[in-house]
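Colleague: for reference, the sequence and a predicted model appear below.
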Amino acid sequence: MALAMVELRLCLHGATSAMPSGRRGRSCLCQSSHSPSRVGRTARIHCRKTSSDFCSEVKPTSRFLGSISGLGFRDLREDGPTTTASAAADGGVFVVRAVLDSAAPEKPKPKQRYPGESKGFVEEMRFVAMKLHTKDQAKEGGKEADVQPVAKWEPTITGYIRFLVDSKKVYDTMESIVAKATHPSYELFRDTGLERSERLAKDLEWFESQGHTIPEPGPAGTSYADFLTELSEKNVPAFICHFYNVYFAHSAGGRFIGKRVAEMILDGRELEFYKWDGELPELLAAVKSNLNKVAEGWTREEKNLCLEETESSFKYSGKILRTIISQ
Ligand code: HEM
């Protein structure tokens, strides 16, 4: 296969001339009259001669905008900075017309796909959340194992009560935010069956009946509650991220932690916090469907804003979880 070098000249008129190697054409072969000094950008093209065809690979020195429509050119393809086309040879010289149009529309970028996107937005949130788990917390965890994994936690009753009090502060806040519904999309998350506030109240009553003192919410609970109240008014997608993580984390890892703690310090007593009316998978599925519905109305930027909030959700909830092992 012979390789022939040709000079591709793009003139200011938008015409192009191509000459076989060695015959460096100075003038433009387009029919318009203009002086050689006005001959514009040049680019080298490598022509691979196959039978009577030229297959040319055009590597413009500057961006090659627009389209080439020309005599015998076919299979025109643009792939990044390279434009390839095949052309019929015409006595060793071929002429193409290049439309240099700086206003030509940009080729649309291929749409970026987000993990889980095809299954709905909740799956996207779940993917981000799972990556923030440590490998010892969950199989899908993307972070190195915790220095103090749950398996090595030594919970105390005082610490566990603090955890329940702080959790109640957060659930009270979440549930009053959706009850007030300062934003219409929050209405969908009222009476989901996932509410935890009343059940936590019952658990704390039980601890009190056992002679334990119930403290006021601590900084882990109040700082998260204040943060959520503010966020719910000014940033709906970010608030929804916290809503998803708070309720879904409790139904997954939260239950696992609760069971372990109960075995260690409560003689296996199952607290109300870990019970739901009805089938939990069904309650979760209904909430998932509404979360997906709300996110359908969001722009990609709003969705990303929501996903980026996951880290903050882990930070706040992580602090509350750690009160379990406080003294
Ligand atoms: C010691 C702490 C934690 C442990 C042991 C833990 C463990 C787990 C496990 C085992 C799963 C289930 C994975 C699966 O579906 O196969 C899970 C799911 C999940 N966790 Fe955690 N987790 C912890 C903390 C957190 C925190 C702090 C958050 C966020 C606030 C969180 C958010 C989630 C979410 C959103 C899911 C997905 C639930 C679903 O698919 O329905 N987790 N976690």
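Modeller: Looks like it came in fine.
Colleague: which stretches in the stretch 201-327 of the chain count as helices?
Modeller: Residue ranges of the helices in the stretch 201-327 of the chain, as given by DSSP state H, counting those that start in this stretch, are 219-234, 236-249, 255-265, 280-296, 300-308, 310-322.
Colleague: highest average neighbour count across the ones you listed?
Modeller: Highest mean neighbour count among the helices of the stretch 201-327 of the chain (mean count of other CB atoms under 10 Å): helix 236-249, with a mean of 23. Where C-beta positions appear, they are placed from N, C-alpha and C, glycine not excepted.
Colleague: and that one, what does it pack onto?
Modeller: Applying 3 or more CB pairs under 8 Å, 6 or more residues apart in numbering; DSSP states H and E, one finds that helix 236-249 contacts helix 121-131, helix 157-180, helix 219-234, helix 280-296, helix 300-308, helix 310-322.
Colleague: which ones are touching Ile214?
Modeller: Ile214 is in contact with Ile161, Val165, Leu204, Phe207, Glu208, counting by CB atoms under 8 Å, 6 or more residues apart in numbering.
Colleague: how much space between it and Ala151?
Modeller: Distance of Ile214 to Ala151, computed by CB to CB, to the nearest Å: 28 Å.
Colleague: is it possible to get JSON lines of the helices and strands packed on helix 236-249 that adds mean pLDDT and distance to Arg260?
Modeller: Converted to JSON lines, those look like this (pLDDT from 0 to 100; distance: least, CB to CB, whole Å):
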{"stretch": "helix 121-131", "mean pLDDT": "98", "distance to Arg260": "20"}
{"stretch": "helix 157-180", "mean pLDDT": "98", "distance to Arg260": "11"}
{"stretch": "helix 219-234", "mean pLDDT": "98", "distance to Arg260": "20"}
{"stretch": "helix 280-296", "mean pLDDT": "98", "distance to Arg260": "18"}
{"stretch": "helix 300-308", "mean pLDDT": "97", "distance to Arg260": "30"}
{"stretch": "helix 310-322", "mean pLDDT": "97", "distance to Arg260": "12"}
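Colleague: next, format those helices as CSV and append distance to the ligand.
Modeller: Output for those, formatted as CSV (distance: least, CB to the nearest ligand atom, whole Å):
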stretch, distance to the ligand
helix 121-131, 4
helix 157-180, 10
helix 219-234, 10
helix 280-296, 6
helix 300-308, 12
helix 310-322, 4
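Colleague: so which of these is nearest Arg196?
Modeller: Minimum separation from Arg196 across those (CB to CB) falls at helix 157-180, 4.3 Å.
Colleague: now that closest one against helix 236-249, angle please.
Modeller: 140 degrees (axes from the mean of the first three to the mean of the last three CA atoms, to 10 degrees).
Colleague: I'd assumed Lys234 was in contact with His183.
Modeller: No - using CB atoms under 8 Å, His183 is not in contact with Lys234; the gap is 10.0 Å.
Colleague: show me the shaky parts of the stretch 51-200 of the chain.
Modeller: Scanning the stretch 51-200 of the chain for pLDDT under 70 picks out the ranges 51-106.
Colleague: what parts of it come near the ligand?
Modeller: Arg126, Ala129, His133, Gln137, Ala138, Val150 (CB under 6 Å from any ligand atom).
Colleague: cutoff 5 Å now
Modeller: Residues of the stretch 51-200 of the chain lying close to the ligand (CB under 5 Å from any ligand atom) are Arg126, Ala129, Gln137, Ala138, Val150.
Colleague: among those, which two are most distant?
Modeller: Distance extremes for these: the farthest pair is Arg126 and Val150 at 20.0 Å, using CB to CB.
Colleague: who's more crowded, the two?
Modeller: The neighbour comparison of Arg126 against Val150 (other CB atoms under 10 Å) goes to Arg126, with 21 against 18.
Colleague: just the closest residue of the stretch 201-327 of the chain to the ligand, please.
Modeller: Closest residue of the stretch 201-327 of the chain to the ligand, CB to the nearest ligand atom: Gly253 (2.3 Å).
Colleague: that residue touches Lys139, doesn't it?
Modeller: No - the criterion here is CB under 8 Å, and Gly253 misses it with Lys139 at 11.8 Å.
Colleague: compare these two (neighbour count), which wins?
Modeller: Gly253 (16 against 8).
Colleague: OK, contacts around that one?
Modeller: His133, Gln137, Ala138.
Colleague: now those as a markdown table including distance to Arg190, secondary structure and neighbour count?
Modeller: Below are the contacts of Gly253 laid out as a markdown table (distance: CB to CB, whole Å; DSSP: H, G, I helix; E, B strand; the rest coil; neighbours: other CB atoms under 10 Å):
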| residue | distance to Arg190 | secondary structure | neighbour count |
| --- | --- | --- | --- |
| His133 | 29 | coil | 19 |
| Gln137 | 31 | coil | 19 |
| Ala138 | 30 | coil | 16 |
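Colleague: okay, the residue nearest to Cys306 when sequence neighbours are not counted: pLDDT?
Modeller: Excluding the flanking residues, the one nearest Cys306 by CB to CB, 6 or more residues apart in numbering is Pro237, at 3.8 Å. Listed pLDDT for Pro237 reads 98.
Colleague: and Lys202, what does it touch?
Modeller: Here Lys202 is in contact with Glu272 (CB under 8 Å, 6+ apart).
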